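**Q** Just to be clear, the model below is a prediction. Sequence and coordinates:
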Amino acid sequence: MTTVAAYAAPAAKAPLERTTIERRAVREFDVLIDIKFAGICHSDIHQVQEGWGEAIFPMVPGHEIAGVVSEVGPGVTKYKVGDRVGVGCMVDSCRECDNCKAGQEQYCTGGGMIGTYNALDKDGEPTLGGYAEKIVVDENYVVRIPDGLSLDVAAPLLCAGITTYSPLKHWNAGPGKKVAVVGMGGLGHMAVKLAHALGAEVTVLSQSLRKQEDGLKLGADHYYATSDPKTFQELAGTFDLIVSTVSAPLDFDAFLSLLRTDGALANVGAPEEPVSVNLFSLLMGRKTLAGSAIGGIQETQEMLDFCAEHGIGAEIELIGASEINEAYERVQSSDVRYRFVIDTATI
Ligand code: NAP
Ligand code: ZN
Ligand code: ZN
């Protein structure tokens, strides 16, 4: 066991504070990672707030982890000391169900994926996430960060990157396709960059025009404010694919009206309240309303390689650990450009 410094929420809704935690000794297939940077995902906030249901405390959030391998178990073959690596939202799964075998560990049906934090590992111990100096993870749930990507801008790719890349690929975003991204926060700004790099025509649907200039710089072709009712008239029946990244309940009927016939709205936002949908919004135009959760380990590696090839990293605001609580407030008021990343050396 190693004692490491971390930031934890001691109880639901409580501010995060500095603490120490124990990491297990490296086992046969484990790697010990010196964490350099950890992104702040809105999912961290939902879970600290217990907005998704009962959670495990003390909670060390953080599932956008970038660091360097500092020790490997005797059975490890994929990584060696000094390698630059990342860990995302999961640290294990059953490895035996059809989804795990197909590289879709995030949809594990053999008990579900084991989250990087706010979950119990196979020994029944609570998992603790990336707002910490070090983490120990089985090599099969670790990915390689390509040389061309700096670790700070790579960290958010481990959740925001893969969560948007996976549906864009699944619903064939590419040349000739009109893709809309709803909400330009952490996930949304990655969706814009990735959809643009995949060759799609990209439209941002944000609450206001205050981030328009940024959106166009990041690769959007068009930018509209959803607070303006004219937006919904002008864009009716336009998109092949809409990716919604909004953290709050949304008027899905209004957004479904923007799809063309056979279009799909892939929702990745995870609001704390249920939403209602008028099914006529789907009937007229044979439309699909779908969801998507992160991506598998293999696809996460593919996304990182794609980002390195296209020079894509997240737009980040680097903060010290003492600024985490303030950053949470800013994320909650949509005041993020576009991902807060903790320099873990400040813990
Ligand atoms: P974020 O940085 O806070 O971005 C969310 C964006 O949604 C905001 O920047 C804002 O964009 C828009 N928004 C916020 N409140 C809104 C409201 N009331 N009405 C309309 N638009 C609103 O959050 P994030 O880290 O990108 O995460 C987004 C959501 O995805 C969260 O619910 C998170 O838990 C979830 N998530 C899901 C997965 C998955 O696997 N499916 C993975 C990661 C995160 P504008 O200012 O541009 O309007
Ligand atoms: Zn996340
Ligand atoms: Zn499984």
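**A** Nice, I can see it. Ligands and ions are numbered 1, 2, ... in the order given.
**Q** Let me know the average pLDDT across the helix or strand where A154 lies.
**A** Remark: A154 resides in helix 151-154, with elements defined by DSSP states H and E. Mean per-residue pLDDT for helix 151-154: 98.
**Q** Quick one: name whatever helix or strand follows that helix.
**A** Where DSSP H and E defines the elements, the next helix or strand beyond helix 151-154 is helix 160-170.
**Q** Quick one, grab the pLDDT at the residue of the chain most remote from its centre.
**A** Computed with CA atoms, centre = their mean, the residue of the chain farthest from its C-alpha average is M284, at 32.1 Å. For M284, the model assigns a pLDDT of 92.
**Q** Residues in contact with the helix holding A154: which ones?
**A** 36-37, 66-68, 84, 86, 145, 304, 307, 313-316, 318, 341, 343 (CB atoms under 8 Å, 6 or more residues apart in numbering). To be clear about C-beta, it is placed using only N, CA and C from the backbone, and glycine gets the same treatment.
**Q** check contacts around the closest residue to ligand 1 within the chain.
**A** Going by CB to the nearest ligand atom, ligand 1 is nearest to G185 of the chain, at 2.0 Å. Residues counted as contacts of G185 (CB under 8 Å, 6+ apart) are 42, 245, 247, 331, 334, 336, 338.
**Q** Output those residues as JSON lines; include the columns distance to ligand 1 and pLDDT.
**A** Formatted as JSON lines, the contacts of G185 follow (distance: CB to the nearest ligand atom, whole Å; pLDDT from 0 to 100):
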{"residue": "H42", "distance to ligand 1": "3", "pLDDT": "98"}
{"residue": "T245", "distance to ligand 1": "5", "pLDDT": "98"}
{"residue": "S247", "distance to ligand 1": "3", "pLDDT": "97"}
{"residue": "V331", "distance to ligand 1": "5", "pLDDT": "98"}
{"residue": "S334", "distance to ligand 1": "4", "pLDDT": "92"}
{"residue": "V336", "distance to ligand 1": "5", "pLDDT": "93"}
{"residue": "Y338", "distance to ligand 1": "7", "pLDDT": "98"}
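**Q** could I get the residues you listed as a markdown table with neighbour count and distance to A160?
**A** Formatted as a markdown table, the contacts of G185 follow (neighbours: other CB atoms under 10 Å; distance: CB to CB, whole Å):
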| residue | neighbour count | distance to A160 |
| --- | --- | --- |
| H42 | 25 | 9 |
| T245 | 25 | 9 |
| S247 | 22 | 12 |
| V331 | 20 | 12 |
| S334 | 17 | 15 |
| V336 | 20 | 11 |
| Y338 | 22 | 9 |
